[in-house]
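Novice: dropping the sequence and predicted coords here.
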Amino acid sequence: MRKAGVQTLLCKHLAPNDNSKNQPYLGSDWSALQVIPFGDISVDDDKAKGSKRDRFKAPVKFYWINPDGGQFVAPRTMLILYPKYPEVRLSGFLLGAKVAPSRYMTSRTEGRILFLGVTGDRRVLGHVIGPDNPVVAELKAKDLQLEGVFEVLFRVDSAGGTRAQLLAKLSEIHNMGWTKSFRLNSLGEAIPYGAANGGGYTLEGLLGIIPNGINEPDYLGWEIKQHKVTSLSKPLTGGAITLMTPQPTGGFYKDEGVIRFVRQFGYPDTRGRADRLNFGGIHRHGSVCDKTGLQLELPGYNAATGKIENIDGGLCLVSPDGTQAALWHFRTLLEKWNCKHAQAAYIPSNNRGTGLDRAYRYGSLVALGSGTDFGRLLSAIASGAVYYDPGIKLENAGSNNPQPKHRSQFRTRPRDLSALYARFEIVDTGTGQILESH
């Protein structure tokens, strides 16, 4: 596995039902999606199997690897996501594969072990051993780290792991003190930046992150979030934090475009700027926004049980007459959230000066969150802890050439962050000491 480029090697002791007929079980929540790389999520429309559109599916770049290192693609491998339970299963791993461990994966034999190796280029290498293999007894004797239903055999991390590397870099940035506001362009070149939202750009620049809009974590597998505070010694204070900025995937916004959307649901600029329409305001679940008259709803989600009951639903802005003004489908939110927020770092900042003289400094106490899943996000939206706070505008609104600005953002308060993660800690970047654990 190491020679094949595997960076994380997991194993799962297979139950009798873990076979090609019943699909190996990968977890009773969405956490497996943070471990197994996958492609675009879609609704399963396979009517041949009696599907009731009650599940999602996502392709996996899966290969069986033999003891000699040979790799054989299993082109129809996918993750099957059942929201109503919820649970994740592995499917299609024998179909179309020229070489595959069919003897083990079609049986109900106890004592089998499935190995899954994840490479740096998001491939998954699989290997299975039977109960008579001496490795089975060897693994049972080991005290391995658990991650959901998997045991972790190894992770290829240098310098004590990505957490240690991240903390070391953030400590270095803290010790730099004040840094003039800048951002990196597409070539990685530093350019001065004078707008008021430069805190995130400057931190990303110091970390070497080039803005690209790719739905992947920012730095060493960590999503990086900066937020303004009054005191750097109080990292969970300050204003709202933007968690993600997905564009709507349905509703009036998607069907008619942002220009017609703002003209239909927006309002004249409150500062009196001529020929400009805005669409903003805090939209919380179950409440009507005073500025827009729209209500944020979660059709298809049962807040009492915490389960998705209709996979065609999502997060929706609804007008008083029932029009779906904007819709974010569950499948796209799930994909974006699990890809980017498996591990997240929240870094407090101060600023001084204005325009191109603005400068930032970053605190030594940071918040680290890990172990999120989509259910936690939906629960936080349903409770109002995570809310929609757009900054969409339309300049030259009355002209033949209106200029729209897209800005759909979901935000939360620092004190509500811990509900989104299984592990949430305040850490001193200089010493690595955990000061608080939630």
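Specialist: Noted; the coordinates are in hand.
Novice: list the buried residues of stretch 422-438.
Specialist: Residues Phe424, Glu425, Ile426, Val427, Asp428, Thr429 are the ones in stretch 422-438 that count as buried (16 or more other Cβ atoms under 10 Å). (Each C-beta comes from the backbone N, C-alpha and C, glycine too.)
Novice: from Arg415, how far off is Thr292?
Specialist: Thr292 sits 26 Å away from Arg415, going by Cβ to Cβ, to the nearest Å.
Novice: which of those two has more neighbours?
Specialist: Applying other Cβ atoms under 10 Å to Thr292 and Arg415 shows that Thr292 carries more neighbours, namely 19 against 11.
Novice: I figured the more buried one hits Ile282, correct?
Specialist: No: applying Cβ atoms under 8 Å as the test, Thr292 and Ile282 come out as separate, 10.1 Å apart.
Novice: how about the helices in the stretch 151-300 of the chain?
Specialist: For the stretch 151-300 of the chain, the helices defined by DSSP state H, counting those that start in this stretch cover 162-175, 198-206, 251-256, 258-265.
Novice: hang on, the earlier thing: turn the buried residues of stretch 422-438 into JSON lines, including distance to Ser91 and pLDDT.
Specialist: Conversion of the buried residues of stretch 422-438 to JSON lines gives the following (distance: Cβ to Cβ, whole Å; pLDDT from 0 to 100):
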{"residue": "Phe424", "distance to Ser91": "33", "pLDDT": "96"}
{"residue": "Glu425", "distance to Ser91": "36", "pLDDT": "96"}
{"residue": "Ile426", "distance to Ser91": "41", "pLDDT": "97"}
{"residue": "Val427", "distance to Ser91": "39", "pLDDT": "97"}
{"residue": "Asp428", "distance to Ser91": "45", "pLDDT": "98"}
{"residue": "Thr429", "distance to Ser91": "42", "pLDDT": "97"}
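Novice: tell me the one among those residues nearest to Ala359.
Specialist: Thr429 (19.8 Å; Cβ to Cβ).
Novice: give me phi/psi at the closest one?
Specialist: The phi/psi pair for Thr429 (degrees, to the nearest 10) reads phi -70, psi -30.
Novice: which one is it nearest to, not counting chain neighbours?
Specialist: Ser171 (3.9 Å; Cβ to Cβ, 6 or more residues apart in numbering).
Novice: can you give the domain ranges for the protein?
Specialist: The record's domain split for the chain, according to automatic domain parsing, is 6-155, 162-437.
Novice: ranking these by mean pLDDT, which is last?
Specialist: Least confident of those, judged by mean pLDDT, is domain 6-155 with a mean of 89.
Novice: so for that domain, first residue to last residue, what's the gap.
Specialist: 9 Å (Cα to Cα, to the nearest Å).
Novice: got the CA coordinates for stretch 195-202 in CSV?
Specialist: The C-alpha trace of stretch 195-202 is given here as CSV (Å, rounded to 0.1, in the frame of the first residue of the first chain):
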residue,chain,number,x,y,z
ALA,A,195,-10.8,46.5,1.0
ALA,A,196,-12.2,46.0,4.5
ASN,A,197,-12.4,42.2,4.0
GLY,A,198,-8.7,41.7,3.7
GLY,A,199,-8.2,39.7,7.0
GLY,A,200,-8.9,36.4,5.3
TYR,A,201,-7.0,37.1,2.2
THR,A,202,-3.9,38.3,4.2
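Novice: chain center to that stretch, what's the gap?
Specialist: Its chain's C-alpha centre and that of stretch 195-202 lie 22 Å apart, by Cα atoms, centre = their mean, to the nearest Å.
Novice: before we move on, back to that, now, the buried residues of stretch 422-438 that are in strands?
Specialist: Phe424, Glu425, Ile426, Val427, Asp428 (DSSP state E).
Novice: need those residues in TSV (columns: distance to Asn310).
Specialist: Shown next, in TSV, are those (distance: Cβ to Cβ, whole Å):
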residue	distance to Asn310
Phe424	31
Glu425	36
Ile426	38
Val427	40
Asp428	45
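Novice: if I pick Leu79, what's in contact with it?
Specialist: Leu79 makes contact with Leu26, Ala32, Leu33, Ile36, Phe38, Lys57, Ala58, Val60, Val88, Arg89, Leu90, Ser91, according to Cβ atoms under 8 Å, 6 or more residues apart in numbering.
Novice: run a quick neighbour tally on Gly257.
Specialist: Neighbours of Gly257 using other Cβ under 10 Å come to 11.
Novice: look up how far Asn396 lies from it.
Specialist: Taken as Cβ to Cβ, the span from Gly257 to Asn396 is 16 Å.
Novice: kindly report the same for Asp44.
Specialist: 44 Å.
Novice: hang on, the earlier thing: tell me the one of the contacts of Leu79 nearest Asn185?
Specialist: Nearest member of the contacts of Leu79 to Asn185, counting by Cβ to Cβ, is Phe38, at 31.5 Å.
Novice: quick one: Ile241 and Ile224 touch, right?
Specialist: No: using Cβ under 8 Å, Ile241 is not in contact with Ile224; the gap is 11.5 Å.
Novice: excluding sequence neighbours, find me the nearest residue to Glu87.
Specialist: That would be Ser28: by Cβ to Cβ, 6+ apart, it lies 5.3 Å from Glu87.
Novice: make sure that neighbour is actually in contact with Tyr82.
Specialist: No: Ser28 lies out of contact with Tyr82 (Cβ under 8 Å); the separation is 10.1 Å.
Novice: where's the residue nearest to Glu87 relative to Gly117, distance?
Specialist: Remark: distance between Ser28 and Gly117 (Cβ to Cβ) = 23 Å.
Novice: ok, those two, which is more surrounded?
Specialist: Neighbour comparison, Ser28 and Gly117: the larger count goes to Gly117, with 23 against 13 (by other Cβ under 10 Å).
Novice: my guess is that one meets Thr8, correct?
Specialist: Yes: counting by Cβ under 8 Å, Gly117 touches Thr8, with 7.1 Å between them.
Novice: could you say which helix or strand contains Arg96?
Specialist: Actually, residue 96 is Gly. It isn't Arg. Assigned by DSSP states H and E, Gly96 belongs to no helix or strand.
Novice: so what's it up against?
Specialist: Gly96 neighbours (Cβ under 8 Å, 6+ apart): Val73, Ala74, Pro75, Arg76.
Novice: now do 10 Å
Specialist: If you count contacts by Cβ atoms under 10 Å, 6 or more residues apart in numbering, Gly96 has them with Phe72, Val73, Ala74, Pro75, Arg76, Thr77.
Novice: may I see the buried residues of stretch 11-29?
Specialist: In stretch 11-29, counting by 16+ other Cβ under 10 Å, buried: 11-14, 18-20, 23-27, 29.
Novice: would JSON lines of those with distance to Phe265 be doable?
Specialist: Shown next, in JSON lines, are the buried residues of stretch 11-29 (distance: Cβ to Cβ, whole Å):
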{"residue": "Cys11", "distance to Phe265": "52"}
{"residue": "Lys12", "distance to Phe265": "48"}
{"residue": "His13", "distance to Phe265": "53"}
{"residue": "Leu14", "distance to Phe265": "52"}
{"residue": "Asp18", "distance to Phe265": "49"}
{"residue": "Asn19", "distance to Phe265": "51"}
{"residue": "Ser20", "distance to Phe265": "50"}
{"residue": "Gln23", "distance to Phe265": "43"}
{"residue": "Pro24", "distance to Phe265": "46"}
{"residue": "Tyr25", "distance to Phe265": "44"}
{"residue": "Leu26", "distance to Phe265": "41"}
{"residue": "Gly27", "distance to Phe265": "39"}
{"residue": "Asp29", "distance to Phe265": "35"}
